[in-house]
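Novice: Just a sequence and a predicted model for now, questions to come.
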Amino acid sequence: MAIILRFSKPWLNKTSPITLRFVESGNDVPVSVPITIPVDIVVDFNVSEIVIDRTFGIEIGVSWFALDAVEQALMLAESAYDIESKTESPWLSYNADETDISSAWSSNIANDSTLSIAWLFNPDIRTDTSINWSLPIDHQVTLSVNWVVPDEHLIQSSINWLDIAAYQLHTAVAWIDGQEQESSLMIQYRGIVVDDEKSIKWGFHEPRWVCSTKYRPPVGKLTLRFNEPLSTQQNPIFLRLTASPNYCYWDDGGGLIDANPPLPTIDFKIPIEPQIRRSYLMQPQISCVRVSDGVAVVLKSVSISQSRSQWASSGSLAFSSRIDADRAANELLKISINGYDFYLLCESPSESKGFGKTSYSATGRGRLATLASPNRKATNYVNVVARSFIGLMADIVANTGWTVASQITDYPVPANAFSYAAKTPAEAINMMANSIGAMLDVNDETQTITVIPQWPVVPWNTSSAIPDVILHDGVILEFNERIDIRPDANAVFVRGEQQGVAAKVKRFGTAGDNFAADIVDKLITDTQAARMRATAELANAGNKVQNSIRAKVMVDLPPMRPGMLIGVRKGAEVFKSVCESFSISGSISESTGMVTVNQTVTLLRNEVAA
């Protein structure tokens, strides 16, 4: 039968042990009977079992086994209603001891802490320590020490940062004369791989750009001028040199012996020179179509010419019938002469009648005439913002289908420095080109206007220049020469207007004492403009030799254009001249149908002093 003890109130003045007295029924004399708490002891020798009363008490069990480990477990479980404590310790005297302490309790969130210490008495000792702490950024440090006494020792330390995933640095060192050795270390930050490779090799450095802001001393002699005394300054005097602007230069590599020696400039400009043959067999062809719809227009003859002073070519056409004349009236025509294309805007048709004969003809201009009167109205213009010279030209021809290219040195034009009145776009850009000693080279096929110098090669430097075309006696049908008398000059004053510059420009290697007429133009707003205009003026000065040459148009002799440098073989001598103007003509015989095509060029060069 179970006995239930209830304590209804505390009894503070009573000390341990507590003695329980049981009173017999009907007897008021108390009897003091000590209660013996039986203990069950179990000794297991794998033979027998001794059991004592299990009524109430504490169980203690002790057993011996041939185990490989000794384990002691202490477990604390706490809740609102019960607490359990269990301790178990098995051990083996000679092999190993292991203690496992486990503590768990029930609260809002369960926490588990485990401390494990294991050691072996005789062979080795091992200690594992784990330390975790919190700093502004969480850090975790794990220190593991393993050693065997007295054989070897091993120490390993690992540190991990939570915010940084990994670091890797790759370093490669290679020796040419020895074996390759490589050490790799990679750095990675938040998923972004940064790879830094360093290599050391033997040999000359590679070509590279070198940039620096270090002070660059001036070339030549340095002169210091002190314009007033400074008595308060004590010796020594310190000179402070500010950093130079960042500048870069090209290092072509190599060591003491340059690995990449500078090679001489190879000029791939090869002159066009027809082959010298005993006979030339040609089959000239002339065709004409209307650009708008490709309708063919039959011609009897055609002539097209242009000079350096013209902004567009001019031509005349003779039609075979009135129908062809009507088809070509006020239309843009594409004329092919021996495979070379020319464009003419047929503008002024005419009709001529005679006894038993009627002819129809017309005159026209190049395709740039679409930007001139009557196709375009004259307007006024002022550059209200600062622009470059080529930028002004591009603004003038904007939204017309034409583009501007340049072979000159561009320069800035200040706001309100340039203006014109009552000029069409074609007239305006031609006036601008003439202001700086340039001309217009028009490509009617691509509708591109290229600004080029009037003298791509000045007359006094033609001997060392490479010509564009070389003519010889085999292709020259007619050769004429005359002297053009002009005043000589070796210097000129060039200046702008309100916002321009003024400059005296002289020919290099001369005294600069023979002046040409002064030049004043509103577009002379920069020294580059003054230099280009003065170069053209000095190139035009002096006596000139003018040659007129008539030749054929062949596959290896294209039509020559104004501004080209033409070489002419005159016996054993080759002289070079600038093309002043050219004209090409073709005709079809009414009786035989034979086609004849010729081109004529006018050349200018300086007269050689006797």
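Specialist: Arrived safely.
Novice: switch to C-alpha atoms for all contacts and neighbour counts from now on
Specialist: Will do.
Novice: Skipping its backbone neighbours, what lies nearest A405 in space?
Specialist: Leaving aside its sequence neighbours, A405 sits nearest to T450 (CA to CA, 6 or more residues apart in numbering; 4.5 Å).
Novice: Let me know how buried the one you found is, in neighbour terms.
Specialist: 17 (other CA atoms under 10 Å).
Novice: May I ask which helix or strand encompasses it?
Specialist: In this structure, T450 sits in strand 448-453 according to DSSP states H and E.
Novice: Tell me the helices and strands packed up against the helix or strand following that strand.
Specialist: Under the assignment DSSP H and E, the closest C-terminal helix or strand after strand 448-453 is strand 469-471. If contacts are counted by 3 or more CA pairs under 8 Å, 6 or more residues apart in numbering; DSSP states H and E, strand 469-471 sits against strand 565-570.
Novice: Which parts of the strand it packs on count as buried, going by neighbours?
Specialist: Neighbour counts over strand 565-570 (16 or more other CA atoms under 10 Å) mark 565-568 as buried.
Novice: coming back round to it: list the residues that contact the residue nearest to A405.
Specialist: For T450, the contact set (CA atoms under 8 Å, 6 or more residues apart in numbering) comprises 404-407, 440-443.
Novice: State the distance from N430 to S309.
Specialist: From N430 across to S309, the span is 9 Å (CA to CA, to the nearest Å).
Novice: Please read the previous query as pertaining to L603.
Specialist: 14 Å.
Novice: now do S406
Specialist: Using CA to CA, we find S406 at a distance of 18 Å from S309.
Novice: Likewise for D410?
Specialist: The separation that D410 has from S309, given CA to CA, amounts to 21 Å.
Novice: now F479
Specialist: 23 Å.
Novice: Then T510?
Specialist: For T510, the distance to S309 equals 28 Å [CA to CA].
Novice: Also G474?
Specialist: Taking CA to CA, one finds G474 at 31 Å from S309.
Novice: can you pull out the strands in the stretch 201-350 of the chain?
Specialist: With DSSP state E, counting those that start in this stretch as the criterion, the stretch 201-350 of the chain has strands at 208-212, 247-251, 286-290, 299-307, 314-319, 332-337, 340-354.
Novice: Quick one: list the elements packing against the first one.
Specialist: When contacts are defined as 3+ CA pairs under 8 Å, 6+ apart, strand 208-212 packs onto strand 247-251.
Novice: strands paired with the strand it packs on, and their directions?
Specialist: The pairing partners recorded for strand 247-251 under DSSP bridges are strand 208-212 (antiparallel).
Novice: which residues touch the partner strand?
Specialist: 246-253.
Novice: confidence score at E84?
Specialist: At E84, the pLDDT value in this model is 49.
Novice: Now do the strand or helix carrying R533 against strand 448-453, angle only.
Specialist: Using DSSP H and E, R533 maps to helix 527-540. For helix 527-540 against strand 448-453, the angle by axes from the mean of the first three to the mean of the last three CA atoms, to 10 degrees is 70 degrees.
Novice: which parts of helix 527-540 are buried?
Specialist: Quick answer for helix 527-540 (16+ other CA under 10 Å): 527-540.
Novice: So A539 is in contact with W455, correct?
Specialist: Yes - counting by CA atoms under 8 Å, A539 touches W455, with 7.3 Å between them.
Novice: Buried residues of stretch 496-507, list them for me.
Specialist: In stretch 496-507, counting by 16+ other CA under 10 Å, buried: 496, 499-503, 505-507.
Novice: Which members of those are positioned in strands?
Specialist: Per DSSP state E, strands hold the following members of the buried residues of stretch 496-507: 502-503, 505-506.
Novice: Spell out, range by range, the helices that occur in the chain.
Specialist: Ranges of helices in the chain, per DSSP state H, are 322-328, 389-396, 425-435, 527-540.
Novice: Using CSV, lay out these together with mean pLDDT and distance to S305.
Specialist: Shown next, in CSV, are these (pLDDT from 0 to 100; distance: least, CA to CA, whole Å):
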stretch, mean pLDDT, distance to S305
helix 322-328, 92, 19
helix 389-396, 93, 25
helix 425-435, 94, 17
helix 527-540, 94, 22
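Novice: could you dump these to JSON lines with distance to V555?
Specialist: Shown next, in JSON lines, are these (distance: least, CA to CA, whole Å):
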{"stretch": "helix 322-328", "distance to V555": "28"}
{"stretch": "helix 389-396", "distance to V555": "35"}
{"stretch": "helix 425-435", "distance to V555": "32"}
{"stretch": "helix 527-540", "distance to V555": "33"}
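Novice: Let me see the contact set for N330.
Specialist: So N330 contacts 345-348 (CA under 8 Å, 6+ apart).
Novice: So L371 versus K377, what's the distance?
Specialist: For L371 relative to K377 (CA to CA), the value is 9 Å.
Novice: typo on my end, N461
Specialist: For N461 relative to K377 (CA to CA), the value is 42 Å.
Novice: More neighbours: which of the two?
Specialist: Legend: neighbour count by other CA under 10 Å for N461 and K377, higher for K377 (12 against 9).
Novice: That one contacts E427, correct?
Specialist: No - at 11.1 Å, K377 does not count as touching E427 under the criterion of CA under 8 Å.
Novice: For stretch 206-224, list the C-alpha coordinates in CSV.
Specialist: Extracted in CSV, the C-alpha atoms of stretch 206-224 (Å, rounded to 0.1, in the frame of the first residue of the first chain):
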residue,chain,number,x,y,z
GLU,A,206,56.5,45.3,-74.7
PRO,A,207,55.5,48.5,-76.5
ARG,A,208,53.1,50.6,-74.4
TRP,A,209,51.8,54.1,-73.8
VAL,A,210,53.5,55.9,-71.0
CYS,A,211,51.6,58.7,-69.3
SER,A,212,53.0,61.0,-66.6
THR,A,213,52.5,64.4,-64.9
LYS,A,214,56.1,64.7,-63.7
TYR,A,215,57.8,68.0,-64.3
ARG,A,216,59.3,68.3,-67.8
PRO,A,217,62.2,70.7,-68.0
PRO,A,218,62.3,72.9,-71.0
VAL,A,219,64.5,71.9,-73.9
GLY,A,220,67.6,74.0,-74.2
LYS,A,221,68.9,76.7,-71.9
LEU,A,222,66.8,77.8,-68.9
THR,A,223,66.9,81.5,-68.0
LEU,A,224,65.6,82.8,-64.7
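Novice: Fine, thanks again, bye for now.
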